[in-house]
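Trainee: Just the structure for this:
(one chain, ligands or ions: 2)
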Amino acid sequence: MSQFRPAALEADVVVIGGGPAGEVLAGRCAGRGLDTVLVEAELIGGECSYWGCIPSKTLLRPGDVLAAAARVPGAAAAVTGPVDVSAALARRDYMTSHWTDDGQERWLADHGVRLLRGTGRLAGTRRVRVDGGPQLVARRAVVLATGSEAVLPPVPGLADVRPWDNRAATAAKEVPGRLLVLGGGAVGLELAQAFFRLGAADVTVVEAGSRLLPHEEPFAGEEVLAAFEREGIAVHVDTRLAAIGRDGTDGPVHATLSNGQEIIADEVLVAAGRRPRTDDLGLGTVGLRPGRPVKVDDRLRAIGVPGAWLFAVGDCTGLAPLTHMGKYQARIAADVITGRDVRDRASRDAVTRVTFTDPQVCAVGLTAAEALQRGIAVRVIDVGTGDVPGSYVLGDGLQGTTRFVVEEASGVLVGATITGSGVQELLHSAAVVVAAHLSLSELRHAVPAFPTVAEVWLHALEAAGL
Ligand SMILES: Cc1cc2nc3c(=O)[nH]c(=O)nc-3n(C[C@H](O)[C@H](O)[C@H](O)COP(=O)(O)OP(=O)(O)OC[C@H]3O[C@@H](n4cnc5c(N)ncnc54)[C@H](O)[C@@H]3O)c2cc1C
Ligand SMILES: NC(=O)c1ccc[n+]([C@@H]2O[C@H](COP(=O)([O-])OP(=O)(O)OC[C@H]3O[C@@H](n4cnc5c(N)ncnc54)[C@H](O)[C@@H]3O)[C@@H](O)[C@H]2O)c1
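Mentor: Ligands and ions are numbered 1, 2, ... in the order given. Predicted coordinates:
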């Protein structure tokens with residue numbers, strides 16, 4: 001597949017970064033007739049396709065299926081062996097297309113997007129330079145979609161032990177016997193459980209904050225912690241890594257925690273958060289600060305850059321670092337660039353998120369604490385996710401909590417959290433209600449089918465006196 005060579009140095013739209021956000025934006029602009037150039041330094045498809053969502057969910061899936069079967073009397077007896085690790089890793093390789101992007105290159109060509117491989121940097125108003133080559137001039141818009149990268153906390157000795165980041169972990173060729181995970185956010189928890197269920201004998205999660213998943217409702221992290229401990233994954237909250245070193249070049253890692261505990265591991269995964277990839281992007285040439293998120297307004301236009309020609313979407317905005325939110329922003333930005341009057345209404349108020357651990361943590365909109373911070377008076381309605389007949393039909397021990405956060409004055413749902421095994425598909429009903437600003441009383445006539453787990457909605461209505 002031939003790449004675009006910039007003979008014509010002008011285009012309507014120049015997109016820097018071909019992850020999920022940049023790809024969607026480029027495809028939509030080109031589909032509406034704009035001459036669109038996409039600049040990508042590595043693989044088209046970005047972090048999500050090769051080192052993020054896809055490999056991590058694929059690595060979790062075998063253990064999830066076995067755990068689901070083990071909850072069903074009758075099926076449990078048929079699960080007699082361990083996970084087939086080499087088949088699981090081969091499936092991961094297939095799902096990441098063996099870290100090649102030919103399929104994505106074809107997709108861009110089919111959608112009329114011109115691809116330019118290389119590192120793009122802003123070079124002043126409407127200008128982009130790729131790898132020191134000639135300048136591209138964007139007639140209508142430049143869009144930044146450069147994503148994010150893992151941060152390495154400044155722990156003495158950490159860099160020297162060659163820790164895994166998400167890339168090394170999701171591309172691992174074997175399962176380590178002992179794994180130390182730094183960070184109890186989504187990356188750390190999903191990969192800790194994936195490797196444990198793939199056969200790692202000792203997995204320890206160390207979280208500096210007072211609870212796992214600190215941005216979610218407190219019960220979410222508590223339930224995941226309890227499930228991990230039941231399963232055999234060690235968790236330390238309120239704990240930091242004090243020092244770490246490796247024996248020789250390939251020997252085990254010795255870690256000392258702030259609570260005095262010593263941990264020996266074969267690999268250390270650093271999952272302590274991400275930062276926007278904006279430090280070497282030429283932001284200074286347009287008056288923005290390198291290394292910071294590119295702040296955007298509700299039309300995804302960079303704040304502080306006059307002329308409405310610079311846009312940013314996805315992780316580099318720091319808004320909601322999730323694939324589907326980046327793609328949503330891309331659709332809005334493409335609409336704005338092509339002259340439609342639309343605004344981003346979800347990236348601050350209705351972010352949907354699923355942590356794919358077992359139990360899963362699914363949430364949309366505001367937690368009760370966030371509502372309070374915004375000065376919104378709310379009441380919470382809590383029901384047991386496992387307390388409906390549909391849960392029992394799925395198996396034993398399908399516990400969890402469903403919380404609806406309801407604005408006191410209007411009865412409108414501003415947030416929801418649903419925990420439990422395999423409840424991910426329930427989230428979208430809550431997302432619809434939050435995005436549409438529906439009040440609970442309007443939901444009386446949306447009748448959940450029997451026996452589905454969606455009857456948690458019914459229990460919530462009953463708890464609200466409806
Ligand atoms: C382990 C892990 C699991 C995850 N799981 C999920 C999940 O289940 N669901 C979910 O919604 N999200 C998940 N995420 C988050 C998700 O991966 C990101 O939100 C998403 O990839 C962001 O998309 P993006 O297009 O903004 O950036 P990226 O995917 O980071 O893509 C940016 C692209 O820009 C390119 N680039 C950067 N700088 C330049 C430059 N100067 N010139 C040219 N190209 C450049 C990069 O090479 C890259 O291809 C996960 C993340 C991790 C780390
Ligand atoms: N299922 C999903 O949708 C999914 C999965 C993975 C990642 N993601 C996205 O990627 C983003 C980044 O995920 P993440 O888990 O890397 O970051 P995060 O910011 O969500 O969590 C990082 C955790 O590490 C802790 N931490 C920070 N420094 C530490 C230290 N020195 N020692 C111990 N703990 C430390 C923090 O307190 C925090 O709990 C998420 O916010 C999410 O948007 C999504």
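Trainee: contacts, neighbours, all on C-alpha from now
Mentor: OK.
Trainee: Okay, domains of the chain per the record?
Mentor: 10-45+101-150+275-338, 159-272, 359-463 (automatic domain parsing).
Trainee: Show me the one of these that comes nearest residue 88.
Mentor: Ranking the domains of the chain by proximity to residue 88 (Cα to Cα) places domain 159-272 first, at 8.3 Å.
Trainee: For the closest one, measure first residue to last.
Mentor: Domain 159-272 has an end-to-end distance of 14 Å (criterion: Cα to Cα, to the nearest Å).
Trainee: ok, and does that domain reach over to ligand 1?
Mentor: Yes. Residues of domain 159-272 contacting ligand 1 under Cα under 6 Å from any ligand atom: 166, 187.
Trainee: Could you list the residues of the chain in contact with ligand 1?
Mentor: Counting by Cα under 6 Å from any ligand atom, the residues of the chain close to ligand 1 are 16-22, 39-48, 52-53, 56, 118-121, 145-148, 166, 187, 281, 314-316, 321-324, 326.
Trainee: Can you give me the neighbour number for residue 167?
Mentor: 16 (other Cα atoms under 10 Å).
Trainee: Kindly apply the preceding question to residue 283 instead.
Mentor: If we define neighbours as other Cα under 10 Å, then residue 283 has 19 of them.
Trainee: Would you format the domains of the chain as CSV with mean pLDDT and distance to residue 70 included?
Mentor: Shown next, in CSV, are these (pLDDT from 0 to 100; distance: least, Cα to Cα, whole Å):
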stretch, mean pLDDT, distance to residue 70
domain 10-45+101-150+275-338, 97, 31
domain 159-272, 97, 13
domain 359-463, 96, 8
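Trainee: and the gap between residue 312 and residue 147?
Mentor: Residue 312 sits 10 Å away from residue 147, going by Cα to Cα.
Trainee: what pLDDT, on average, does the longest helix belonging to the chain get?
Mentor: The helix that spans the most residues within the chain, counting by DSSP state H, is helix 53-70. In this model, helix 53-70 carries a mean pLDDT of 97.
Trainee: Contacts made by it with the rest, please.
Mentor: Helix 53-70 is contacted from outside by 47-49, 75-77, 79, 83, 88-89, 91-93, 95-96, 170-171, 190-191, 193-195, 197-198, 356-358, 395, using Cα atoms under 8 Å, 6 or more residues apart in numbering.
Trainee: Contact residues of the protein facing ligand 2?
Mentor: Proximity of the chain to ligand 2 (Cα under 6 Å from any ligand atom) is limited to residues 153, 182-188, 206-209, 212-214, 240-241, 271-274, 321-322, 353-356.
Trainee: Now find how far off-centre stretch 421-439 is within its chain.
Mentor: Distance of stretch 421-439 from the chain centroid (Cα atoms, centre = their mean, to the nearest Å) equals 18 Å.
Trainee: and it, which residues are buried?
Mentor: 421-424, 426-427, 430-431, 433-435, 438-439 (16 or more other Cα atoms under 10 Å).
Trainee: do the same with stretch 450-463
Mentor: Going by neighbour count (16+ other Cα under 10 Å), the buried part of stretch 450-463 is 452-461.
Trainee: try stretch 372-389
Mentor: 376, 378-388.
Trainee: what do you get for stretch 279-292?
Mentor: Quick answer for stretch 279-292 (16+ other Cα under 10 Å): 281-283, 286, 288, 290, 292.
Trainee: Taking those, tell me the two that lie furthest apart.
Mentor: Going by Cα to Cα, the pair spanning those furthest: 286 and 292, at 13.6 Å.
Trainee: any residues in contact with both of those two?
Mentor: Counting by Cα under 8 Å, 6+ apart, nothing touches both residue 286 and residue 292.
Trainee: In contact with residue 127, which residues?
Mentor: 135-138, 142 are the contacts of residue 127 under Cα under 8 Å, 6+ apart.
Trainee: Partner strands of the longest strand that the chain contains, with direction?
Mentor: Taking DSSP state E as the criterion, the chain has its longest strand at strand 135-144. Partners of strand 135-144 in the sheet, by DSSP bridges, are strand 10-16 (parallel), strand 127-130 (antiparallel), strand 310-312 (parallel).
Trainee: Turn these into JSON lines, columns for distance to residue 259.
Mentor: Output for those, formatted as JSON lines (distance: least, Cα to Cα, whole Å):
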{"stretch": "strand 10-16", "distance to residue 259": "44"}
{"stretch": "strand 127-130", "distance to residue 259": "49"}
{"stretch": "strand 310-312", "distance to residue 259": "42"}
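Trainee: Among the buried residues of stretch 421-439, which one sits closest to ligand 1?
Mentor: When the buried residues of stretch 421-439 are ranked by distance to ligand 1 (Cα to the nearest ligand atom), residue 424 comes first, at 11.0 Å.
Trainee: End to end on stretch 361-378, go ahead and measure it.
Mentor: End-to-end distance (Cα to Cα), stretch 361-378: 21 Å.
Trainee: what's it in contact with?
Mentor: By Cα under 8 Å, 6+ apart, the residues outside stretch 361-378 that reach it are 216-217, 220, 348-355, 379-380, 405-409, 414-420, 423-424, 427, 430-431, 434.
Trainee: Among those, which ones are in helices?
Mentor: The helices, defined by DSSP H, take in 220, 427, 430-431, 434 from the contacts of stretch 361-378.
Trainee: tell me the two of these that are most distant?
Mentor: Greatest spatial distance among the ones in helices among the contacts of stretch 361-378 (Cα to Cα): 220 and 434, at 19.4 Å.
Trainee: Am I right that residue 333 sits in a strand?
Mentor: No. Assignment of residue 333 by DSSP: H, G, I helix; E, B strand; the rest coil gives helix, placing it outside any strand.
Trainee: I'd say residue 308 and residue 297 touch.
Mentor: No. Between residue 308 and residue 297 there is no contact under Cα atoms under 8 Å: 10.5 Å.
Trainee: Looking at these two, which has the bigger crowd around it?
Mentor: Between residue 308 and residue 297, counted using other Cα under 10 Å, the more crowded position is residue 308 (16 against 13).
Trainee: Might one say that residue 195 is in contact with residue 175?
Mentor: Yes. Assessed by Cα under 8 Å, residue 195 is found in contact with residue 175 at 6.5 Å.
Trainee: Who has more neighbours out of those two?
Mentor: Neighbours were counted for residue 195 and for residue 175 using other Cα under 10 Å; residue 195 has more, 26 against 20.
Trainee: So the more buried one: helix, strand or coil?
Mentor: Classification of residue 195 using three-state DSSP returns helix.
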